[in-house]
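Asks: Return atomic coordinates for the entry below.
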Amino acid sequence: MPPPDTRAPESSAGSRDTASQPESSVRADTLRARVQTYTDFVRSPEGHSALLGLFGAVMITFGGFGAGSVRKRDPLLEAMHLSWLRFGHGYALSTMVIWVGVLLMITAWVRLGRTTIGLGDRPGAGVTLNELRAIVGIWIFPLLFAVPMFSRDAYSYLAQGALLRDGFDPYQVGPVANPGVLLDNVSPVWTTTTAPYGPVFLLLGRAITAITGDNVIAGTIALRLVMLPGLALMMWAVPYLTKHLGGKPTVALWLAVLNPLVLIHLIGGVHNEMLMVGLMCAGIALVLERHHVAGIVVVAIGVAIKATAGIALPFLVWIWMLHEKERRAAQRAGLDPSQVTDSEHDDAARPSQDNPNPALMFAKIAGLGLGVFAVVFVAASAIAGVGIGWLTALSGSKKIINWLSLPTIMAHAVTWVTPFNTDPVLVITRALCALALVAVLVATWWRFRHSEREAVLGILIAFVAIVILSPAALPWYYSWPLALAAGFALSTTTLMVLVGLCAWLMLVFQPDGSIGLYSFWHVAAATFAAVVAASSLRKVDPLRLRATPPAELPTVPART
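Replies: Below you'll find the model as predicted:
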């Protein structure tokens with residue numbers, strides 16, 4: 001006979017001892033455990049990378065006071081006797097501080113990425129979702145107090161909000177109609193341009209300027225605070241999309257949210273893409289979870305921020321139709337709808353036993369979705385007291401001419417080999433690319449209708465086509481497709497390409513918002529840094545600067 005087991009009484013005694021401890025003592029032990037966990041993380045290489053990125057963000061913030069998209073006249077700097085930062089050697093020093101900060105953030109991001117995808121240089125390395133989310137918060141905190149970085153759009157947002165506040169229709173007149181401090185800082189090219197944004201964003205601008213008045217500093221910080229819900233939605237939705245798209249949550253969050261291109265441009269640069277992309281991703285996630293109406297409402301709010309989010313809506317109709325077919329098949333088979341997979345119903349537009357009339361189903365679902373969208377948009381427009389004039393204002397992007405858009409590249413190429421001037425050629429190349437864009441969007445929408453994953457891939461391809469073929473493209477536009485691409489299972493090579501592209505896009509604009517694409521040495525330096533960043537995702541020391549190369553260690557999957 002085996003001896004009696006005495007472990008249970010010992011455990012019970014231990015439980016009684018724990019239960020007899022005062023509640024305050026238990027809370028203290030819990031707090032100590034959490035502090036120890038945080039301390040251990042800070043001491044780890046991943047913690048060092050997080051602190052390196054924080055230091056970079058601090059440098060960007062301080063350097064921005066001299067070389068960022070500063071106001072034409074800054075009474076605060078004058079009062080602090082720091083105006084010298086904006087001129088001569090002070091400006092050069094500020095610029096250097098910003099670029100060092102940007103490079104530090106990119107370096108920290110790549111190091112964290114190497115660990116996240118399982119290529120860390122030591123066994124057991126890994127970063128959890130909550131750790132990545134905490135790092136996002138740490139990195140953006142200094143940027144909340146920076147001047148607008150790499151863009152002057154924040155001043156346009158405030159001026160357009162002030163137009164609505166002061167009784168003007170931003171869809172009829174530009175900021176020039178409302179002279180004042182806010183107008184003084186708007187980029188000259190946009191002073192006469194009407195607002196190209198939806199009514200919800202105008203309402204946010206009106207609320208901010210009603211609270212902060214014409215105080216540019218308070219208004220800029222308030223704009224950033226308004227963007228934070230979009231960041232929160234991205235931190236939830238982007239990892240969640242991997243459940244349906246096959247990717248890895250930590251890699252998705254690292255690529256699409258912690259990315260310096262996203263944080264520096266969308267938070268530091270104060271762009272409403274932060275809200276639009278967050279709402280769009282959250283809406284897609286809700287539709288994938290069969291909360292169709294709620295998802296359409298969330299995407300519609302995103303469209304009422306910026307029209308680009310509307311590209312997702314036609315693809316969401318396919319997902320809704322697939323779900324309806326699954327529901328009918330489940331009812332017929334007496335199963336739960338989640339047990340009927342897309343592979344059993346691989347074409348939303350193909351007649352089947354559960355969908356004998358696809359055209360009728362499409363009309364019903366599309367009509368319901370359109371009705372939900374119309375209710376949201378009409379309500380927002382009525383509250384703002386504006387119409388749909390923002391649709392015509394979308395053409396204002398034609399004022400932007402840079403090498404990031406294919407029509408501009410084509411126009412420049414033609415002028416190199418012909419005697420024609422750029423302007424008339426640009427009209428033709430933009431028209432050709434517009435036709436190509438329409439064809440690509442229609443073909444993509446029809447082609448990617450066979451599953452949830454295909455539909456989201458179609459949205460991703462549509463966004464890439466818009467960025468490339470539209471009259472104008474800016475670095476932060478790439479946050480649109482990037483947020484969806486991160487949800488898919490991506491190879492290390494693909495991730496390296498995306499890291500290089502994001503680093504290059506981050507470096508080709510100047511901190512004051514001007515374009516560096518027309519300077520050979522600027523582009524060459526940005527390209528070199530981007531190649532090094534991409535290579536560093538796989539190799540710890542791609543330039544072989546270490547005297548002794550690191551020992552080869554087996555790769556360990558990152559913690560999730």
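Asks: Do you know the pLDDT at S83?
Replies: The model reports S83 with a pLDDT of 81.
Asks: same check, this time on the one 3 residues further on
Replies: Turning to R86, the model gives it a pLDDT of 85.
Asks: can you tell me how far it sits from L76?
Replies: 12 Å (CB to CB, to the nearest Å). Glycine gets a C-beta too; all of them are placed from N, C-alpha and C.
Asks: Could you report the separation of N178 from D169?
Replies: 11 Å.
Asks: before we move on, the earlier item: comparing R86 and L76, which residue is more hemmed in?
Replies: A count of neighbours by other CB atoms under 10 Å puts R86 above the other of R86 and L76, at 17 against 12.
Asks: excluding its backbone neighbours, what's nearest that one?
Replies: Closest residue in space to R86, ignoring its immediate chain neighbours: G66 at 5.2 Å, by CB to CB, 6 or more residues apart in numbering.
Asks: Ok, V270 next?
Replies: Distances taken as CB to CB, 6+ apart put A154 closest to V270, at 3.8 Å, once the chain neighbours are dropped.
Asks: And for the one you found, the neighbour number?
Replies: By the measure other CB under 10 Å, the count of residues near A154 is 24.
Asks: can you pull the alpha-carbon coordinates of the helix or strand containing it into PDB?
Replies: Secondary-structure assignment from DSSP states H and E places A154 in helix 153-165. What follows is helix 153-165, C-alpha atoms only, in PDB (Å, rounded to 0.1, in the frame of the first residue of the first chain):
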ATOM      1  CA  ASP A 153      -1.800  69.900 -41.900                       C
ATOM      2  CA  ALA A 154      -2.700  70.400 -38.200                       C
ATOM      3  CA  TYR A 155      -2.900  74.200 -38.900                       C
ATOM      4  CA  SER A 156      -5.300  73.600 -41.700                       C
ATOM      5  CA  TYR A 157      -7.500  71.300 -39.500                       C
ATOM      6  CA  LEU A 158      -7.700  74.100 -36.900                       C
ATOM      7  CA  ALA A 159      -8.500  76.700 -39.500                       C
ATOM      8  CA  GLN A 160     -11.200  74.600 -41.000                       C
ATOM      9  CA  GLY A 161     -12.700  73.900 -37.600                       C
ATOM     10  CA  ALA A 162     -12.700  77.600 -36.900                       C
ATOM     11  CA  LEU A 163     -14.500  78.300 -40.200                       C
ATOM     12  CA  LEU A 164     -17.400  76.100 -39.000                       C
ATOM     13  CA  ARG A 165     -17.200  77.600 -35.500                       C
END
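Asks: For whichever helix or strand comes after that helix, output the C-alpha coordinates as PDB.
Replies: Under the assignment DSSP H and E, the closest C-terminal helix or strand after helix 153-165 is helix 181-184. Taking only C-alpha atoms (Å, rounded to 0.1, in the frame of the first residue of the first chain), the coordinates of helix 181-184 have been written out as PDB:
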ATOM      1  CA  VAL A 181      -3.800  83.600 -36.000                       C
ATOM      2  CA  LEU A 182      -4.900  80.200 -37.200                       C
ATOM      3  CA  LEU A 183      -4.900  81.300 -40.900                       C
ATOM      4  CA  ASP A 184      -1.400  82.800 -40.500                       C
END
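Asks: elements contacting helix 181-184?
Replies: Taking 3 or more CB pairs under 8 Å, 6 or more residues apart in numbering; DSSP states H and E as the contact definition, the neighbouring helices and strands of helix 181-184 are helix 153-165, helix 216-245.
Asks: average pLDDT across that helix?
Replies: Helix 181-184 shows an average pLDDT of 91 in the prediction.
Asks: Please apply the same query to stretch 314-334.
Replies: For stretch 314-334, mean pLDDT rounds to 87.
Asks: and it, which residues are buried?
Replies: Of the residues in stretch 314-334, 314-326, 328-330 count as buried by neighbour count, 16 or more other CB atoms under 10 Å.
Asks: likewise stretch 398-413?
Replies: Residues of stretch 398-413 classed as buried by neighbour count (16+ other CB under 10 Å): 400-402, 404-408, 410-411.
Asks: still on that earlier bit, now the residue nearest to R86: which helix or strand?
Replies: Remark: G66 resides in helix 45-67, with elements defined by DSSP H and E.
Asks: quick one, which of the helices and strands packed on helix 181-184 is nearest to V270?
Replies: Of all those, helix 153-165 sits nearest to V270, with 3.8 Å by CB to CB.
Asks: Would you mind pulling the contact partners of that closest one?
Replies: For helix 153-165, the surrounding residues in contact (CB atoms under 8 Å, 6 or more residues apart in numbering) are 69, 71, 148, 169-170, 173, 175, 177-178, 180, 182-183, 185-187, 190, 195, 197, 201-210, 214, 216, 219-220, 223, 269-272, 384-386.
Asks: can you do 7 Å?
Replies: The set of residues external to helix 153-165 that reach it, using CB atoms under 7 Å, 6 or more residues apart in numbering, is 148, 170, 173, 175, 177-178, 182-183, 185-187, 190, 195, 202, 205-206, 208-210, 216, 219-220, 223, 269-271, 384.
Asks: now the end-to-end length of stretch 177-192.
Replies: Across stretch 177-192, the straight-line distance between its terminal residues is 8 Å, by CA to CA, to the nearest Å.
Asks: Give me the angle between the helix holding A154 and helix 216-245.
Replies: With axes from the mean of the first three to the mean of the last three CA atoms, to 10 degrees as the basis, helix 153-165 and helix 216-245 are set at 110 degrees to each other.
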